[in-house]
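Asks: Mind looking at a prediction? Sequence and model below.
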Amino acid sequence: MSVNIHPTAIIEPGAELGSDVSIGAYSVIGANVKIGDGTKIASQVVIEGHTELGANNQVFSFTAIGGEPQSISYKGEPTQVKIGDNNVFRENITVNRGTMDDEGITIIGNDNLFMAYVHIAHDCRLGSDLLFSNNASLAGHARIGDYVVLAGYTLVHQFVRIGEHSFCGVNTYCTLDVPPFMLVAGNKAITHGINIRGLRRRGVDKDTIVELKRAYKTIYRSGHTMAHALDELAGQDWQSPQVQQLIDFIRDSKRGVIR
């Protein structure tokens with residue numbers, strides 16, 4: 001096993017390091033931490049608690065992963081953080097472990113880019129291929145689907161779900177669920193249409209985008225109640241499974257969705 005650990009770094013007994021791991025000056029790796037192959041930890045990083053990082057992650061300076069949740073319900077239980085592969089955590093990011101109010105774990109997927117000063121609170125569950133710009137913050141128990149973009153200073157309220165392929169503009173404040181494929185912005189957030197540019201970038205075909213736009217007009221521009229709009233959509237023959245995914249997401253919402 002090849003590792004590169006700076007002499008000033010502290011690796012507590014019990015920590016597990018994969019091959020080709022590097023750990024910079026003055027970083028601290030706790031006793032219950034597992035770090036996968038090829039992961040690079042810069043200087044002055046703290047990774048603690050029952051925390052697992054997968055392979056080929058990059059963690060930049062002054063980031064703190066696995067710290068105690070900022071929750072008055074937390075009583076020192078051995079809760080967890082689990083992070084996948086190929087993620088980039090830029091400077092001054094905080095990722096808190098879970099609480100027993102939920103399932104006791106904060107989960108982050110693969111291939112995500114988190115820019116400086118991002119906060120990921122306790123019990124959040126994040127998908128893959130995400131982009132969080134500077135100062136985006138998640139409160140506890142948030143759920144983020146794949147291919148979501150949170151622009152700078154986006155704030156997500158606790159228990160809010162952000163559906164896949166959605167885009168939240170600068171200074172967006174989300175207090176309700178954001179359905180998949182949507183473009184939202186504002187304080188408080190409102191919808192501004194389908195995230196067409198993002199869908200095109202990811203290779204979604206033209207026919208699917210056309211059907212999503214039709215569904216959007218029924219939900220947001222018809223003047224129907226949400227229940228009426230969903231019933232109308234459910235009665236149509238859609239070729240794209242994404243439309244049914246949109247309908248199911250809204251029906252499953254416990255907080256209500258942004259309109």
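Replies: Looks like it came in fine. Residues are numbered from 1 along each chain as shown.
Asks: Just list whatever residues bridge to residue 16.
Replies: When bridges are taken as DSSP bridges, the partners of residue 16 come out as residue 34.
Asks: no wait, residue 94
Replies: According to DSSP bridges, the residues that bridge with residue 94 are residue 64, residue 119.
Asks: Residues touching stretch 32-43, excluding its own?
Replies: Taking contacts as CB atoms under 8 Å, 6 or more residues apart in numbering, the residues outside stretch 32-43 that touch it are 6, 12, 14-27, 29, 47-61, 63, 66, 78, 85. All C-beta spots, glycine's among them, are computed from the backbone N, C-alpha and C.
Asks: For PyMOL, what selects the buried ones among the residues you listed?
Replies: The following PyMOL line selects those of the contacts of stretch 32-43 that are buried, judged by 16 or more other CB atoms under 10 Å:
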select buried, resi 15+17+18+20+21+22+23+24+27+29+47+48+49+50+51+52+53+54+55+56+57+59+60+61+63+66+85
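Asks: Could you report the separation of the residue nearest to the spatial centre of the chain from residue 219?
Replies: With distances taken as CA atoms, centre = their mean, the residue of the chain nearest its centroid is residue 126 (3.5 Å). Plainly put, residue 126 is 26 Å away from residue 219 if you go by CB to CB, to the nearest Å.
Asks: tell me the contacts of residue 24?
Replies: For residue 24, the set of contacting residues under the criterion of CB under 8 Å, 6+ apart consists of 6, 9, 41-45, 61.
Asks: swap the cut-off to 7 Å and go again
Replies: Neighbouring residues of residue 24 by CB atoms under 7 Å, 6 or more residues apart in numbering: 6, 9, 41-43.
Asks: Check the gap between it and residue 55 for me.
Replies: Here the criterion is CB to CB. By it, residue 24 lies 18 Å from residue 55.
Asks: With residue 238 instead?
Replies: Between residue 238 and residue 55 the distance is 39 Å, computed by CB to CB.
Asks: And the buried ones among the contacts of residue 24, selectable in PyMOL?
Replies: A single PyMOL command is used to select the members of these judged buried by 16+ other CB under 10 Å:
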select buried, resi 9+41+42
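Asks: Helix, strand, or coil at residue 13?
Replies: With DSSP: H, G, I helix; E, B strand; the rest coil as the basis, the three-state label of residue 13 is coil.
Asks: Check the contact between it and residue 30; I expect there is one.
Replies: No - taking CB atoms under 7 Å as the contact criterion, residue 13 and residue 30 are not neighbours in contact, 10.2 Å apart.
Asks: higher neighbour count, the two?
Replies: Set side by side, residue 13 and residue 30 show more neighbours around residue 30, with 18 against 5, by other CB atoms under 10 Å.
Asks: so what pLDDT did the nearest residue to the more buried one once chain neighbours are set aside get?
Replies: The spatial neighbour of residue 30 that comes closest, neighbours along the chain excluded (CB to CB, 6 or more residues apart in numbering), is residue 48 at 3.8 Å. In this model, residue 48 is scored at 98, pLDDT.
Asks: which residues touch residue 48?
Replies: If you count contacts by CB under 7 Å, 6+ apart, then residue 48 has 30, 33, 66-67 around it.
Asks: Turn those into JSON lines, including pLDDT.
Replies: Supplementary listing: the contacts of residue 48 in JSON lines, determined by pLDDT from 0 to 100:
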{"residue": "30", "pLDDT": "98"}
{"residue": "33", "pLDDT": "98"}
{"residue": "66", "pLDDT": "98"}
{"residue": "67", "pLDDT": "98"}
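Asks: Can you say which two of those are spatially most distant?
Replies: Taking CB to CB, the two most distant members of these are 33 and 67; they sit 12.0 Å apart.
Asks: Quickly list what the residue nearest to the centre of the chain is bridged to.
Replies: Applying DSSP bridges to residue 126 gives these bridge partners: residue 108, residue 144.
Asks: surely it meets residue 106?
Replies: No - in this structure residue 126 lies outside contact range of residue 106 using CB under 7 Å: 8.4 Å.
Asks: Give me the common contacts of those two.
Replies: Between them, residue 126 and residue 106 share these contacting residues under CB under 7 Å, 6+ apart: residue 120.
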